[in-house]
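[1] Quick one: sequence plus predicted model below, questions after.
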Amino acid sequence: MIKHIFLLFTFTLTLMAGVVKTPIIAIDTVNDFATIKVDNINVGVSGFIVHGLSKDNSTILKDAEVVSYNKVSKTATLKLSDFVQLKHDALPSGNWGVVVGDTAILAFGYSRALLIAPNEEVYYRVTRATSQVQWLHPDIFATLLSFKGHPTPQKEDFTAMSNETAVGLIFFYLNQNIFTVDAKSLKVINISEAKLKQDSLNLPFYTRVEEIDSGWWGSGTGDLDEYEPYYFELLIENNPENTVLQNLYSQFQSKR
(Lines give C-alpha, C1' and ligand atoms only; values in the text may rest on other atoms or scores of the structure.)
Protein backbone atom coordinates (compact mmCIF):
# COMPACT_ATOMS: atom_id res chain seq x y z
CA MET A 1 0.00 0.00 0.00
CA ILE A 2 2.91 2.38 0.68
CA LYS A 3 4.08 1.73 -2.89
CA HIS A 4 0.57 2.48 -4.13
CA ILE A 5 0.48 5.81 -2.26
CA PHE A 6 3.96 6.69 -3.54
CA LEU A 7 2.74 6.12 -7.10
CA LEU A 8 -0.28 8.28 -6.31
CA PHE A 9 1.91 11.20 -5.32
CA THR A 10 4.23 10.67 -8.28
CA PHE A 11 1.20 10.77 -10.58
CA THR A 12 -0.31 13.78 -8.85
CA LEU A 13 2.87 15.85 -8.92
CA THR A 14 3.50 14.88 -12.54
CA LEU A 15 -0.05 15.95 -13.30
CA MET A 16 0.68 19.33 -11.74
CA ALA A 17 3.85 19.58 -13.88
CA GLY A 18 5.37 22.18 -11.60
CA VAL A 19 4.83 25.93 -11.64
CA VAL A 20 3.09 27.27 -14.75
CA LYS A 21 4.34 30.62 -16.08
CA THR A 22 2.61 32.06 -19.11
CA PRO A 23 1.69 35.53 -20.44
CA ILE A 24 -1.82 36.93 -20.41
CA ILE A 25 -3.25 37.16 -23.93
CA ALA A 26 -6.55 38.90 -23.12
CA ILE A 27 -8.05 40.80 -20.21
CA ASP A 28 -11.59 41.70 -19.14
CA THR A 29 -11.08 44.57 -16.70
CA VAL A 30 -14.81 45.03 -16.10
CA ASN A 31 -15.36 41.52 -14.73
CA ASP A 32 -11.77 40.80 -13.60
CA PHE A 33 -11.07 37.91 -15.97
CA ALA A 34 -7.88 37.13 -17.88
CA THR A 35 -7.07 34.58 -20.59
CA ILE A 36 -3.89 32.54 -21.03
CA LYS A 37 -2.63 29.87 -23.42
CA VAL A 38 -1.54 26.63 -21.72
CA ASP A 39 -1.21 23.03 -22.92
CA ASN A 40 -3.12 21.58 -19.97
CA ILE A 41 -4.33 22.78 -16.58
CA ASN A 42 -7.00 21.84 -14.07
CA VAL A 43 -9.92 24.07 -13.13
CA GLY A 44 -9.33 25.30 -9.58
CA VAL A 45 -5.57 25.74 -9.82
CA SER A 46 -4.64 29.05 -8.20
CA GLY A 47 -1.75 31.49 -8.48
CA PHE A 48 -1.09 35.17 -9.08
CA ILE A 49 -0.37 37.79 -11.74
CA VAL A 50 3.04 39.47 -12.00
CA HIS A 51 3.51 42.87 -13.66
CA GLY A 52 6.98 43.91 -14.86
CA LEU A 53 8.14 47.34 -13.75
CA SER A 54 11.61 47.29 -15.30
CA LYS A 55 14.18 44.77 -16.48
CA ASP A 56 14.99 43.70 -12.91
CA ASN A 57 11.85 44.63 -10.98
CA SER A 58 8.27 43.39 -10.89
CA THR A 59 5.25 43.37 -8.60
CA ILE A 60 2.37 41.01 -7.88
CA LEU A 61 -0.97 42.58 -8.74
CA LYS A 62 -3.70 39.98 -8.36
CA ASP A 63 -4.56 36.51 -7.16
CA ALA A 64 -5.79 34.22 -9.94
CA GLU A 65 -7.83 31.02 -10.16
CA VAL A 66 -8.49 28.89 -13.24
CA VAL A 67 -12.28 28.85 -13.68
CA SER A 68 -12.46 27.21 -17.11
CA TYR A 69 -10.24 25.43 -19.63
CA ASN A 70 -10.85 24.90 -23.35
CA LYS A 71 -9.03 21.78 -24.60
CA VAL A 72 -9.56 22.71 -28.25
CA SER A 73 -8.11 26.23 -28.14
CA LYS A 74 -5.83 25.37 -25.21
CA THR A 75 -6.88 28.54 -23.40
CA ALA A 76 -7.76 28.99 -19.75
CA THR A 77 -9.87 31.69 -18.16
CA LEU A 78 -8.62 33.12 -14.88
CA LYS A 79 -10.75 34.89 -12.28
CA LEU A 80 -8.75 37.70 -10.69
CA SER A 81 -9.07 38.92 -7.10
CA ASP A 82 -7.14 41.05 -4.63
CA PHE A 83 -3.68 39.80 -3.69
CA VAL A 84 -3.45 39.94 0.11
CA GLN A 85 -0.50 37.71 1.06
CA LEU A 86 2.03 40.55 1.28
CA LYS A 87 -0.39 43.31 2.24
CA HIS A 88 1.09 45.79 4.69
CA ASP A 89 -0.35 49.19 5.55
CA ALA A 90 3.14 50.69 5.94
CA LEU A 91 4.17 49.75 2.39
CA PRO A 92 3.35 51.92 -0.63
CA SER A 93 1.09 50.53 -3.34
CA GLY A 94 0.96 51.41 -7.00
CA ASN A 95 -1.98 52.02 -9.29
CA TRP A 96 -1.00 49.43 -11.88
CA GLY A 97 -3.66 47.28 -13.48
CA VAL A 98 -3.33 43.89 -15.11
CA VAL A 99 -2.58 44.21 -18.84
CA VAL A 100 -1.93 41.90 -21.78
CA GLY A 101 1.64 40.61 -21.51
CA ASP A 102 1.67 40.35 -17.72
CA THR A 103 2.66 36.91 -16.42
CA ALA A 104 0.32 34.42 -14.78
CA ILE A 105 2.15 32.17 -12.29
CA LEU A 106 -0.01 29.18 -11.37
CA ALA A 107 0.42 26.09 -9.14
CA PHE A 108 2.92 28.06 -7.05
CA GLY A 109 3.59 26.26 -3.77
CA TYR A 110 2.30 22.90 -5.00
CA SER A 111 5.42 21.21 -3.62
CA ARG A 112 4.23 22.17 -0.10
CA ALA A 113 1.15 20.48 1.31
CA LEU A 114 -1.00 19.83 4.36
CA LEU A 115 -2.57 16.43 5.02
CA ILE A 116 -5.91 16.26 6.80
CA ALA A 117 -5.97 12.72 8.21
CA PRO A 118 -8.28 10.92 10.64
CA ASN A 119 -5.53 9.51 12.87
CA GLU A 120 -1.79 9.26 13.47
CA GLU A 121 -1.29 5.97 11.62
CA VAL A 122 -2.90 7.22 8.42
CA TYR A 123 -1.01 10.51 8.69
CA TYR A 124 2.41 8.90 8.93
CA ARG A 125 1.77 6.19 6.37
CA VAL A 126 0.75 8.77 3.79
CA THR A 127 3.37 11.43 4.52
CA ARG A 128 6.24 8.91 4.65
CA ALA A 129 5.30 7.49 1.27
CA THR A 130 7.04 10.30 -0.61
CA SER A 131 9.93 12.74 -0.21
CA GLN A 132 8.65 14.87 -3.09
CA VAL A 133 6.28 16.85 -0.87
CA GLN A 134 7.30 19.25 1.89
CA TRP A 135 4.64 18.63 4.53
CA LEU A 136 3.29 21.32 6.82
CA HIS A 137 2.65 19.63 10.15
CA PRO A 138 -1.04 19.73 11.15
CA ASP A 139 0.00 21.13 14.56
CA ILE A 140 0.72 24.42 12.78
CA PHE A 141 -2.73 24.47 11.20
CA ALA A 142 -4.34 23.53 14.53
CA THR A 143 -2.51 26.43 16.19
CA LEU A 144 -3.78 28.86 13.54
CA LEU A 145 -7.31 27.54 14.08
CA SER A 146 -6.94 28.06 17.83
CA PHE A 147 -5.94 31.71 17.29
CA LYS A 148 -9.14 32.20 15.28
CA GLY A 149 -11.32 30.17 17.66
CA HIS A 150 -12.28 27.70 14.91
CA PRO A 151 -12.20 24.07 16.10
CA THR A 152 -14.22 23.33 12.95
CA PRO A 153 -12.07 24.45 9.97
CA GLN A 154 -13.72 26.77 7.42
CA LYS A 155 -12.69 27.46 3.84
CA GLU A 156 -11.36 30.83 4.95
CA ASP A 157 -9.07 29.04 7.43
CA PHE A 158 -7.50 26.91 4.70
CA THR A 159 -7.04 30.01 2.53
CA ALA A 160 -5.44 31.95 5.40
CA MET A 161 -3.17 29.00 6.18
CA SER A 162 -2.09 28.90 2.53
CA ASN A 163 -1.38 32.64 2.53
CA GLU A 164 0.66 32.47 5.73
CA THR A 165 2.66 29.30 5.02
CA ALA A 166 2.93 29.17 1.20
CA VAL A 167 1.21 25.78 1.15
CA GLY A 168 -0.33 25.12 -2.26
CA LEU A 169 -2.08 21.77 -1.81
CA ILE A 170 -4.23 20.06 0.79
CA PHE A 171 -4.65 16.29 0.80
CA PHE A 172 -7.83 15.06 2.50
CA TYR A 173 -7.98 11.39 3.48
CA LEU A 174 -11.69 10.48 3.39
CA ASN A 175 -13.23 7.01 3.30
CA GLN A 176 -10.13 5.31 1.84
CA ASN A 177 -9.59 7.96 -0.82
CA ILE A 178 -7.08 10.79 -1.06
CA PHE A 179 -8.45 14.04 -2.46
CA THR A 180 -5.87 16.45 -3.87
CA VAL A 181 -7.22 19.97 -3.38
CA ASP A 182 -5.96 23.46 -4.19
CA ALA A 183 -5.38 25.14 -0.83
CA LYS A 184 -6.94 28.48 -1.81
CA SER A 185 -9.86 27.52 -4.02
CA LEU A 186 -10.60 24.16 -2.32
CA LYS A 187 -11.19 22.78 -5.82
CA VAL A 188 -10.54 19.02 -6.15
CA ILE A 189 -7.74 18.41 -8.64
CA ASN A 190 -7.32 14.65 -8.29
CA ILE A 191 -8.93 11.70 -6.47
CA SER A 192 -7.12 8.41 -5.83
CA GLU A 193 -7.96 5.31 -3.84
CA ALA A 194 -5.75 4.53 -0.82
CA LYS A 195 -7.05 1.71 1.35
CA LEU A 196 -5.57 2.08 4.84
CA LYS A 197 -6.71 0.78 8.21
CA GLN A 198 -8.67 3.37 10.17
CA ASP A 199 -9.11 1.99 13.68
CA SER A 200 -9.18 5.32 15.53
CA LEU A 201 -10.38 8.85 14.91
CA ASN A 202 -9.06 12.26 15.91
CA LEU A 203 -11.32 15.30 15.62
CA PRO A 204 -11.18 17.67 13.84
CA PHE A 205 -8.13 15.87 12.28
CA TYR A 206 -4.90 14.26 13.45
CA THR A 207 -2.82 16.76 15.43
CA ARG A 208 -0.80 16.69 18.63
CA VAL A 209 -2.54 19.89 19.76
CA GLU A 210 -4.83 18.59 22.50
CA GLU A 211 -7.49 21.28 22.24
CA ILE A 212 -8.35 23.96 19.68
CA ASP A 213 -9.84 27.01 21.37
CA SER A 214 -13.41 27.96 20.50
CA GLY A 215 -14.68 31.43 19.67
CA TRP A 216 -17.81 32.94 21.14
CA TRP A 217 -19.99 32.91 18.03
CA GLY A 218 -20.00 32.46 14.26
CA SER A 219 -19.19 29.71 11.78
CA GLY A 220 -16.49 27.29 12.86
CA THR A 221 -16.71 28.02 16.58
CA GLY A 222 -18.44 24.75 17.48
CA ASP A 223 -16.64 21.44 17.96
CA LEU A 224 -16.57 19.08 15.00
CA ASP A 225 -18.71 15.99 15.70
CA GLU A 226 -18.01 13.88 12.59
CA TYR A 227 -14.95 13.59 10.36
CA GLU A 228 -15.86 12.28 6.87
CA PRO A 229 -19.35 13.86 6.63
CA TYR A 230 -18.02 17.33 7.41
CA TYR A 231 -15.04 17.31 5.03
CA PHE A 232 -17.03 15.65 2.26
CA GLU A 233 -19.67 18.38 2.56
CA LEU A 234 -17.01 21.10 2.66
CA LEU A 235 -15.50 19.80 -0.58
CA ILE A 236 -18.91 19.36 -2.23
CA GLU A 237 -19.85 22.93 -1.29
CA ASN A 238 -16.76 24.19 -3.15
CA ASN A 239 -17.02 21.66 -6.01
CA PRO A 240 -20.75 21.58 -6.85
CA GLU A 241 -20.16 20.23 -10.38
CA ASN A 242 -17.80 17.40 -9.40
CA THR A 243 -19.96 14.30 -9.91
CA VAL A 244 -17.17 11.88 -8.95
CA LEU A 245 -16.90 13.54 -5.54
CA GLN A 246 -20.68 13.47 -5.09
CA ASN A 247 -20.85 9.77 -6.04
CA LEU A 248 -18.13 8.87 -3.55
CA TYR A 249 -20.01 10.73 -0.83
CA SER A 250 -23.23 8.91 -1.74
CA GLN A 251 -21.40 5.57 -1.53
CA PHE A 252 -20.02 6.54 1.86
CA GLN A 253 -23.47 7.51 3.15
CA SER A 254 -25.01 4.26 1.94
CA LYS A 255 -22.53 2.24 4.03
CA ARG A 256 -23.18 4.12 7.27
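    Done, it's in.
[2] tell me the mean pLDDT over stretch 224-240?
    Stretch 224-240 comes out with an average pLDDT of 96.
[3] State the number of residues packed around residue 213.
    The number of residues packed near residue 213 is 14, by other Cβ atoms under 10 Å. Any C-beta I mention is one placed from the backbone N, CA and C, and that applies to glycine too.
[4] which residues touch it?
    146, 147, 149, 151 (Cβ atoms under 8 Å, 6 or more residues apart in numbering).
[5] at 10 Å what do you get?
    143, 145, 146, 147, 148, 149, 150, 151, 221 (Cβ atoms under 10 Å, 6 or more residues apart in numbering).
[6] same thing with residue 37?
    22, 23, 24, 25, 26, 73, 74, 75, 76.
[7] Check the contacts of residue 213 for burial and list the buried ones.
    145, 148, 150, 151, 221 (16 or more other Cβ atoms under 10 Å).
[8] how about TSV for the residues you listed, with secondary structure added?
    Below are these laid out as TSV (DSSP: H, G, I helix; E, B strand; the rest coil):
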residue	secondary structure
145	helix
148	helix
150	coil
151	coil
221	coil
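[9] returning to that earlier point: quick one: which of the contacts of residue 37 has the most company?
    Highest neighbour count within the contacts of residue 37, by other Cβ under 10 Å: residue 76, with 25 neighbours.
[10] Who are the packing partners of the helix or strand harbouring it?
    Element membership for residue 76 (DSSP states H and E) is strand 75-82. When contacts are defined as 3 or more Cβ pairs under 10 Å, 6 or more residues apart in numbering; DSSP states H and E, strand 75-82 sits against strand 20-28, strand 33-37, strand 46-52, strand 58-70, strand 103-106.
[11] Report the spatially closest residue to residue 42, excluding sequence-adjacent ones.
    With Cβ to Cβ, 6 or more residues apart in numbering as the criterion, residue 42 has its nearest non-adjacent residue at 4.8 Å, and that residue is residue 189.
[12] Just to check, that neighbour is in contact with residue 43?
    Yes - at 8.6 Å, residue 189 counts as touching residue 43 under the criterion of Cβ atoms under 10 Å.
[13] Pull up the overlap in contacts between those two.
    With Cβ under 10 Å, 6+ apart as the test, residue 189 and residue 43 both reach residue 182.
[14] Would you map the helices across this structure?
    Secondary structure of the chain (DSSP state H): helices at 2-16, 120-127, 138-148, 155-165, 228-238, 243-255.
[15] rank the ones you listed by mean pLDDT and give me the bottom one.
    Looking at the helices of the chain, the weakest mean confidence is helix 2-16, a mean of 52.
[16] hmm, back to that, nearest to residue 159, of the contacts of residue 37?
    Checking those against residue 159 with Cβ to Cβ, the nearest one is residue 76 at 20.9 Å.
[17] what about residue 130, how many neighbours?
    With other Cβ under 10 Å as criterion, residue 130 counts 18.
[18] Quickly note the distance from it to residue 62.
    Using Cβ to Cβ, to the nearest Å, residue 130 is found at 32 Å from residue 62.
[19] How much space separates the closest residue to residue 68 other than its chain neighbours from residue 197?
    If you skip the residues right next to it in sequence, residue 68 has residue 77 as its closest partner in space, 4.5 Å away by Cβ to Cβ, 6+ apart. For residue 77, the distance to residue 197 (Cβ to Cβ) stands at 43 Å.
[20] So for those two, which residue has more residues nearby?
    Between residue 77 and residue 197, counting by other Cβ under 10 Å, residue 77 is the more crowded of the two (17 against 11).
[21] before we move on, the earlier item: outside of the strand holding residue 76, which residues touch it?
    Here strand 75-82 has contacts from 20, 22, 24-29, 31-38, 40-43, 45-49, 61-70, 98, 104, 106, 184-185, using Cβ under 10 Å, 6+ apart.
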